[in-house]
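**Q** Fold the stuff below for me.
(2 chains)
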2 protein chains.
Amino acid sequence: MPHSHPHATAAVPDNGTPDGVNATLHTPISADGLPVLGRTYTVAARQGRAVRLRTGQVLRIITTHGSQVCDTWAFNTENMAEYLSMEHARAAIDRTMPRVGDALLSNRRRPILTLLADTSPGVHDTLIAACDLPRYHGLGVQGYHDNCSDNLRLALQAVGLRTAEVPCPLNLWMNIPVHADSHIEWLAPVSAPGDYVDLRAELDCVVVMSACPQDIIAVNAHHPVELHFCVLA
Amino acid sequence: MPHSHPHATAAVPDNGTPDGVNATLHTPISADGLPVLGRTYTVAARQGRAVRLRTGQVLRIITTHGSQVCDTWAFNTENMAEYLSMEHARAAIDRTMPRVGDALLSNRRRPILTLLADTSPGVHDTLIAACDLPRYHGLGVQGYHDNCSDNLRLALQAVGLRTAEVPCPLNLWMNIPVHADSHIEWLAPVSAPGDYVDLRAELDCVVVMSACPQDIIAVNAHHPVELHFCVLA
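**A** Predicted coordinates for the structure are as follows:
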């Protein structure tokens, strides 16, 4: 391991501490995040949930109302510093949006999830950071606003885990077209009620889902609602 | 600070340790990375260099031969866990490629650099992870290959700094078109010899530049060469 100067690695704030709290902290699916196989769980509107997967298990995430984005992360439970990375995933699939059959890479360039099924038109986003409190303050919100970054931090904390980073999420059903001049738009989802994706764990991992609470711009059709998920039996 | 379970934050490997070494480690511009203002420095082909900037200083990065990509990172020197973040930058500028005048955000959603000038056609990439040793092994390379991730780690180490992460870089002059179906291509730069960008520091920061050693695919026109930079007097 190379030397490093202590002043560069002192206990300065990392990015793992929430800016506020919502019910996510007190409503894990279980104390350790392990699921009952085949049981359908709810990600309440504006909240997050964590679920632990063993290698080979398949997680189904359902946009129950069709209009709701799911910010999605995956971390190697043996080393939380390894996580699903959009910039590594894009480089491997040669696309900005994953398709059925695509293995999605971690920041160590190993498959961590594979997209096994997608009943929606396949419009997902890999470009946009999770919303956070500064984002809402920039949009004019006063005080606290639920946000996907805190939902990630709180959902992990609720099952006894922690990340030092908020990686770029896989934003399921988020509709961010990229035009030829590189301009992007922020549109409502094109998915239908009940559309789902199936994601297979390629490592023992924890997946966190946040029902994005963005209610100021159109990405959730201005009305954040709940999602559902199930680890297939 | 929320509780966290020790098993989740144990001393497992972070992403800050190089997979190998090249001359980057022994050729900083100065022991602490502080530049002589107005002096032109070289980023040798296939290597990286770090330069410390004070708020308001302007860094000019020159693609001397026109065909060379510069993987570029910026870190807040007061807190290396705050860094230039492509996913936050894109969300603020509503584009995948920055234009002159754009403030580029950190992962704390604060401006860290502003693009003040760009003499090139403005084709830059914000989508693709820095190359790393696993990337080259995946392309069939045996043994070590210079790579931008190690150049980042080594260039920081050479000036007494360290990052636990390899953030997605701003890939200056890297030509990765995104098509309407979300497919991407890997093409040679369209910049001309001597094209430059000027980046103003909005925080006290360290900028790391890597002259990308990718010689297997076309992004550097199959011939990695050197870059130059200067902190304007």
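**Q** Residues touching the helix ranked longest in chain A, excluding its own?
**A** For chain A, the helix with the greatest residue count under DSSP state H is helix A:148-158. Defining contact as Cβ atoms under 8 Å, 6 or more residues apart in numbering or on different chains, one finds that helix A:148-158 is touched by A:16-22, A:24-28, A:33, A:46-50, A:71, A:73, A:75, A:130-133, A:162-163, A:166, A:169, A:206, A:208-213, B:2-4, B:8. Every residue, glycine included, has its C-beta placed from N, CA and C.
**Q** ok, then the element right after it?
**A** Following helix A:148-158 in sequence order, the next helix or strand is strand A:170-172 (DSSP states H and E).
**Q** List the contacts of that next one.
**A** Contacts of strand A:170-172 (Cβ under 8 Å, 6+ apart): A:61, A:63, A:69-73, A:84, A:86, A:89, A:98, A:104, A:124-126, A:128, A:197, A:212.
**Q** Where does pLDDT dip in chain A?
**A** A:1-12 (pLDDT under 70).
**Q** Kindly recompute the last result at 80.
**A** A:1-13 (pLDDT under 80).
**Q** all strands for it, in order.
**A** A:40-43, A:48-53, A:58-63, A:70-76, A:79-83, A:103-105, A:111-118, A:170-172, A:195-201, A:205-211, A:227-231 (DSSP state E).
**Q** Which of these sits closest to residue A:218?
**A** Minimum separation from residue A:218 across the strands of chain A (Cβ to Cβ) falls at strand A:170-172, 13.7 Å.
**Q** Buried residues in the closest one, which are they?
**A** Buried residues in strand A:170-172, defined by neighbour count with 16 or more other Cβ atoms under 10 Å in any protein chain shown: A:170, A:171, A:172.
**Q** Can you give me the separation between the last one and residue A:211?
**A** The reference is to residue A:172. 11 Å (Cβ to Cβ, to the nearest Å).
**Q** cool, and the second one?
**A** Distance, residue A:171 to residue A:211, using Cβ to Cβ: 12 Å.
**Q** can you check the first one too?
**A** Residue A:170 sits 14 Å away from residue A:211, going by Cβ to Cβ.
**Q** ok, how many other residues are close to residue A:20?
**A** 13 (other Cβ atoms under 10 Å in any protein chain shown).
**Q** mind checking how far it is from chain B?
**A** 11 Å (Cβ to the nearest Cβ, to the nearest Å).
**Q** Name all residues that make contact with that residue.
**A** A:133, A:144, A:150.
**Q** who does the residue sitting nearest the centre point of chain A bridge with?
**A** Nearest residue to the geometric centre of chain A (Cα atoms, centre = their mean): residue A:72, 1.7 Å. For residue A:72, the beta-bridge partners under DSSP bridges are residue A:170, residue A:209.
**Q** ok, now the one 4 residues further on?
**A** Partner residues in beta bridges with residue A:76: residue A:79, residue A:205, with DSSP bridges as the criterion.
**Q** Can you name the residues that contact the nearest residue to residue A:134 once chain neighbours are set aside?
**A** Distance criterion Cβ to Cβ, 6 or more residues apart in numbering or on different chains; nearest residue to residue A:134, sequence neighbours excluded, is residue B:109 at 4.1 Å. Applying Cβ under 8 Å, 6+ apart, we find residue B:109 in contact with A:129, A:132, A:134, A:135, A:138, B:88, B:92.
**Q** related to what we said a few turns ago, any chance you could list residues touching both of residue A:172 and residue A:211?
**A** A:69, A:70.
**Q** for residue A:105, which residues make a bridge with it?
**A** residue A:111.
**Q** My read is that it contacts residue A:87, right?
**A** No - under the criterion of Cβ atoms under 8 Å, residue A:105 makes no contact with residue A:87, lying 9.2 Å away.
**Q** Between the buried residues of strand A:170-172, which sits nearest residue B:220?
**A** residue A:170 (29.3 Å).
**Q** Please report the distance of the closest one from residue B:22.
**A** Counting by Cβ to Cβ, the gap from residue A:170 to residue B:22 is 34 Å.
**Q** ok, now residue A:133?
**A** 41 Å.
**Q** ok, now residue A:190?
**A** With Cβ to Cβ as the criterion, residue A:190 and residue B:22 are 47 Å apart.
**Q** higher neighbour count, those two?
**A** More neighbours surround residue B:22 than the other of residue A:190 and residue B:22, with 20 against 14 (other Cβ under 10 Å).
**Q** right, and the more buried one touches residue B:46 too?
**A** Yes - contact criterion Cβ under 8 Å: residue B:22 and residue B:46 qualify, at 6.9 Å.
**Q** overlap in contacts of the two?
**A** B:146, B:151.
**Q** check contacts around the nearest residue to residue A:73 once chain neighbours are set aside.
**A** Nearest residue to residue A:73, sequence neighbours excluded (Cβ to Cβ, 6+ apart): residue A:208, at 4.7 Å. Neighbouring residues of residue A:208 by Cβ under 8 Å, 6+ apart: A:48, A:49, A:50, A:51, A:72, A:73, A:74, A:75, A:151, A:152, A:155, A:156.
**Q** Next: residue A:18.
**A** Applying Cβ under 8 Å, 6+ apart, the residues near residue A:18 are A:149, A:150, A:153, A:154, A:157, B:2.
**Q** about what we covered before: between residue A:171 and residue A:211, which contacts overlap?
**A** Shared contacts of residue A:171 and residue A:211, counting by Cβ under 8 Å, 6+ apart, come down to A:69, A:70.
**Q** follow-up on the earlier one: among the contacts of helix A:148-158, name the buried ones.
**A** For the contacts of helix A:148-158, buried by 16+ other Cβ under 10 Å: A:16, A:18, A:22, A:24-25, A:27-28, A:33, A:46-50, A:71, A:73, A:75, A:130-133, A:162-163, A:166, A:169, A:206, A:208-213, B:4, B:8.
**Q** ok, stretch A:80-97 near chain B or not?
**A** Yes - Stretch A:80-97 is in contact with chain B by Cβ under 8 Å from any Cβ of the partner chain, via A:80-82, A:85-88, A:90-91, A:94-97.
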